[in-house]
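> one predicted model, sequence on top.
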2 protein chains.
Amino acid sequence: MSVLQNRQTERALDALTIRRQCRIGQLDTGTSGLALGCVQANLVVLPSAIADDFLRFCVRNPKPCPLVGVSEKGIPNIPSLGDDLDLRTDLPRYRIWEKGKLIDEPTDVSAYWTNDLVAFAIGCSFSFEELLIADGIPLRHIETDRNVAMYRTNIQCAPAGPFQGPLVVSMRPFKPLHAIRAIQITSRLPAAHGAPIHLGDPAQIGIPDVANPDYGDATSIMRDEIPVFWACGVTPQAAIAAVKLDFAITHAPGAMLVTDRRNVEFSVL
Amino acid sequence: MSVLQNRQTERALDALTIRRQCRIGQLDTGTSGLALGCVQANLVVLPSAIADDFLRFCVRNPKPCPLVGVSEKGIPNIPSLGDDLDLRTDLPRYRIWEKGKLIDEPTDVSAYWTNDLVAFAIGCSFSFEELLIADGIPLRHIETDRNVAMYRTNIQCAPAGPFQGPLVVSMRPFKPLHAIRAIQITSRLPAAHGAPIHLGDPAQIGIPDVANPDYGDATSIMRDEIPVFWACGVTPQAAIAAVKLDFAITHAPGAMLVTDRRNVEFSVL
């Protein structure tokens, strides 16, 4: 099979099959476009001593940190997201942080897991991007096979314990009619960052140069397009990195937790 | 009572009271802000020979021409919009057109009514403006006591019989967060023009100079604002005027039909 055929097969796989492939080391790619219709989530795993602060940080900042699940202490599963789900093995790739430094990017974190860890699953823009594409709205970063462009803004998150910092946003350029439609569609998905938080002039939210994103890849904006900005799951990652925690586990960029829950289950309207 | 007190009293009046005041010649003002919560409508009254064409024009162009009611031939009432409702007397002021020329602006059209006429009630932006204000979104044309700015666009309506012509839009400037919220709110009201049809660069829809509206009053756009454009009920009026019909009746600008129906009854979501 060609790479493309392989990819098309993977798209049709259900969430459990994706997780099982990760578990046995057979899937080590980004999860964008896989298990269409299923909620994908950012993973954050923290020592229990700091977990309550992070939970409050998420609750206070629901647009960048829409919680779709939280584990019991030490339990490497969030049952509401899938019966057969092991958070230690079922993502394609992880990042291990010590004192705020990236020390490892394994495909399995069993060796790092302890009974003291608490896991958080945070909704992800893949959910709304899937709906935009299904609606016929083109997404340039996907068409050009880049990461979405992301920026730190001058909007501060509501702090909780040591967690604080700027709201990070992702930007997608649209023709005006598509921007209006994208606002309608993403408004239905508060669990995937919801409606945009800004459109138009990037400087109004403290982005000095839209051609130089702080994360991801630059995306061109055509003359007939308007940039639209959504709260982004990098926000909590940046807040965690700034605290230089003794220990943390996150997903590797783009390698999300694929859950059994359907996007429609989290949709309003 | 002061004029302001009078106005506050009028706002609290129900739709039937408004119509009865019009009927006996005691109300001769615009209806913006009156009978809050009630659907207000553009009125178009045409000879029956041309009415079917106009009906198809409305159906084919639902964003500028959202029909909320149509009468039986010769009957000066649309029962679904109010039990005690006489289309000949219950609007504050009318316009009478002959061969496309404005020949009269009476407060009562009984002398012009015939058994051959068909009346159309078309939803109006007053419905969504009321919801925007209730949501705390400022509307500059209301705050400055002007008419909304309206423009002919380069978007052509779908024709029906002799009716054709450009889509006319109204423009309201908003800060980006308010623009996003206004899109959400107006999406709920397809019977009042629904979601915007454009935002941002006016030239993209054929508006060469946003400071020079084709109808209404110019509205300033601040540096931190973005213009948002909605399909407008002047569209069918302009299409009718272009045909130079032998005879037509419309409401006078801003002097709408106040119906018993609630905006919420026509809302989606």
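Here it is on my side, so go on.
> give me the phi and psi for A:H178.
phi -70, psi -30 (degrees, to the nearest 10).
> name the SS class of the residue nearest to it when sequence neighbours are not counted, please.
The shortest distance from A:H178 to any non-neighbouring residue, by C-beta to C-beta, 6 or more residues apart in numbering or on different chains, is to A:I137 (4.8 Å). C-beta here means a position set from N, CA and C on the backbone, and glycine is covered the same way. Following DSSP: H, G, I helix; E, B strand; the rest coil, the label given to A:I137 is coil.
> who touches A:I137 in this structure?
When the contact criterion is C-beta atoms under 8 Å, 6 or more residues apart in numbering or on different chains, the partners of A:I137 are A:F174, A:H178, A:R181, A:A182, A:I185.
> over to A:G194?
When contacts are counted by C-beta under 8 Å, 6+ apart, A:G194 is found next to A:K63, A:P66, A:T186, A:S187, A:W230, A:A231.
> so which of these sit within helices?
A:T186, A:S187 (DSSP state H).
> which among the contacts of A:G194 gets closest to chain B?
Nearest to chain B, judged by C-beta to the nearest C-beta, of the contacts of A:G194 is A:S187 at 5.4 Å.
> next one: that closest one relative to B:R88, how far apart?
43 Å (C-beta to C-beta, to the nearest Å).
> what do you get for A:T153?
Distance from A:T153 to B:R88, by C-beta to C-beta: 57 Å.
> need the residues of chain A near chain B, please.
A:176-177, A:179-180, A:183-184, A:187, A:195-201, A:204, A:224, A:226, A:269 (C-beta under 8 Å from any C-beta of the partner chain).
> tell me the secondary structure for the residue lying closest to A:Q204 once chain neighbours are set aside?
Excluding its sequence neighbours, the residue lying closest to A:Q204 (C-beta to C-beta, 6+ apart) is B:D224, at 6.0 Å. Secondary structure for B:D224, judged by three-state DSSP, is coil.
> kindly report the same for A:I249.
Here A:I249 is recorded as strand under three-state DSSP.
> surely it touches A:Y94?
Yes. Taking contacts as C-beta atoms under 8 Å, A:I249 lies within contact range of A:Y94: 5.7 Å.
> okay, and the common contacts of those two?
With C-beta under 8 Å, 6+ apart, A:I249 and A:Y94 have common neighbours A:L43, A:V109.
> measure A:P176 to B:R172 for me?
According to C-beta to C-beta, A:P176 stands 15 Å off from B:R172.
> low-confidence regions, the stretch 51-200 of chain A specifically.
Judged against pLDDT under 70, the stretch 51-200 of chain A has no low-scoring part.
> and the residue nearest the centre of chain A?
Closest residue to the average C-alpha location of chain A: A:C124 at 3.6 Å, with C-alpha atoms, centre = their mean.
> quick check: closest non-adjacent residue to that one.
Closest to A:C124 by C-beta to C-beta, 6+ apart is A:Q40, at 4.9 Å.
> surely that neighbour is within a strand?
Yes. Residue state for A:Q40 (three-state DSSP) corresponds to a strand.
> kindly check the end-to-end length of stretch A:134-150 for me.
In stretch A:134-150, first residue to last residue: 23 Å (C-alpha to C-alpha, to the nearest Å).
> next one: it to chain centre, how far?
Chain-centre distance of stretch A:134-150: 15 Å, with C-alpha atoms, centre = their mean, to the nearest Å.
> one more: stretch A:231-249?
12 Å.
> buried members of the residues of chain A next to chain B into ChimeraX, please.
This is how ChimeraX selects the buried members of the residues of chain A next to chain B, with burial counted by 16 or more other C-beta atoms under 10 Å in any protein chain shown:
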select /A:176,177,179,180,183,187,195,196,197,198,199,200,201,204,226
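> what mean pLDDT would you report for the strand or helix carrying A:P227?
A:P227 belongs to strand A:226-231 when assigned by DSSP states H and E. Averaged across strand A:226-231, pLDDT comes to 98.
> where do the strands of chain A begin and end?
Listed in chain order, the strands of chain A (DSSP state E) span A:38-47, A:67-70, A:94-98, A:101-104, A:117-123, A:149-156, A:166-174, A:198-199, A:226-231, A:248-251, A:257-262.
> switch those over to TSV; also include distance to B:V210.
TSV is the format used below for these (distance: least, C-beta to C-beta, whole Å):
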stretch	distance to B:V210
strand A:38-47	41
strand A:67-70	43
strand A:94-98	49
strand A:101-104	50
strand A:117-123	38
strand A:149-156	28
strand A:166-174	21
strand A:198-199	18
strand A:226-231	16
strand A:248-251	46
strand A:257-262	44
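> so for B:V258, which of the ones you listed sits nearest?
strand A:198-199 (35.0 Å; C-beta to C-beta).
> paired strands for the closest one, with orientation please.
Here strand A:198-199 is paired, per DSSP bridges, with strand A:226-231 (antiparallel).
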